[in-house]
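Next one to model:
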Amino acid sequence: MNNQAGSGLRPAVKFFEGEKSLVLTGLLGFLLAVICGVWGMLNGGAVAPEGDVLKAFSFNAALGIFLLSTAAILPFSAMGEKGKAFFRWSYILLAFYSYFAETVQNFRGVNPRFVQDGTAFDTALGSIFGLVALLLVVFYLFLAIQYYRKKVYRLRPELVLSIRYAMVAVMLSFAAGIWISVNQGRLVGLHGNIIWLHGLGFHALQALPFVAWLTERQSLTSPVRRTSIHISGLTYLLGLALIGWQTYLGNSIFEWTLLPVLASCCFLAALVPVILMLRQKSYISKSL
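Residues are numbered from 1 along each chain as shown. This next block holds a predicted model:
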């Protein structure tokens, strides 16, 4: 069975197509993360009075993954060349500033977001960083809207359906980032940590399109493919909601209590279609 024909694939559109600049910007994040990681291993992460090079390590790596994931799905947005160029270069410039502020300031011993007793330069850099973070949300919302157009869905139905779910998860992550800013830190209550919600939401950009990619390569009917994606998308979002509520209550997501257990079950349920499809593919390969 031709899965491409069955799922409405258009071979002319490929992952990462035309997004070399965005890919390179994402890879820059990994390079900076390596530099920060090596420094941290040799000298320790803390830099007096408020810097932490290991935080720069995790930030650069996370932003790099986010940019690469975005570069992968951007060709399926069906935007025109001007629209994609506007988004691409806006995000590249914002990413460059984010890399610079996060890395340089932590090496200088300054918290790049929440400056305390810093110079005028540090305060200005932190204020601009806040504006940049807001613009990252606004421009990504512009991109997210594109995937809810009918013509985009017809381009590659299963993949676009998974991206729609992923975009909701990304917006939850951005909301968590705003929560961190308003809260003036990631800690809530005694043991709550917003950073887990912030990070897990972004990983939907890798997890959910991967489910769609697998369904396209199975001998499945379109309704079965869509059902698999709906299961993964809904359970992933429910898991995020449960983690968000646990955090809001000021509790750790690693407690052996109802909300974290239910959240774990949701994330496991999101993997069920992947496991079933991989097992089916393995079984078919052995049979052949």
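
contacts and neighbour counts: CA atoms only from here.
Will do.

which residues are contacting stretch 195-212?
For stretch 195-212, the external contacting residues (Cα atoms under 8 Å, 6 or more residues apart in numbering) are 66, 69-70, 158-159, 162-163, 165-167, 169-177, 180, 186, 225, 228-229, 232-233, 236, 240, 243-244, 273-274.

Can you name the residues that contact the nearest residue to L187 once chain neighbours are set aside?
Leaving out its chain neighbours, the residue that sits closest to L187 by Cα to Cα, 6 or more residues apart in numbering is N193, at 4.6 Å. Going by Cα under 8 Å, 6+ apart, N193 touches R186, L187, T247, G250, N251, S252.

Return the distance of N193 relative to S222.
Distance of N193 to S222, computed by Cα to Cα, to the nearest Å: 40 Å.

Per-residue confidence at the residue nearest the centre of the chain, what does it come out as?
In the chain, the residue lying closest to the centroid (Cα atoms, centre = their mean) is F202, at 2.3 Å. F202 is assigned 95 on the pLDDT scale.

Any stretches of the stretch 1-150 of the chain with poor pLDDT?
Residue ranges of the stretch 1-150 of the chain with pLDDT under 70: 1-12.

Helices of that one, start to end?
3-6, 20-43, 53-73, 81-107, 120-146, 150-155 (DSSP state H, counting those that start in this stretch).

Residues touching stretch 117-130, excluding its own?
For stretch 117-130, the external contacting residues (Cα under 8 Å, 6+ apart) are Y97, S98, A101, Q105, V110, P112, R113, F114, V115.

how far is that stretch from where the chain is centred?
Computed by Cα atoms, centre = their mean, to the nearest Å, the chain-centroid distance of stretch 117-130 equals 26 Å.

Tell me which residues of it come out buried.
Across stretch 117-130, burial judged by 16 or more other Cα atoms under 10 Å covers G118, D122, T123, L125, G126, I128, F129, G130.

Would you list the phi and psi of the first one?
Which is G118. Phi and psi for G118, reported as degrees, to the nearest 10, are phi -90, psi 180.

Roughly how far does the residue lying closest to L259 once chain neighbours are set aside sit from F202?
The shortest distance from L259 to any non-neighbouring residue, by Cα to Cα, 6+ apart, is to L242 (5.8 Å). Plainly put, L242 is 16 Å away from F202 if you go by Cα to Cα.
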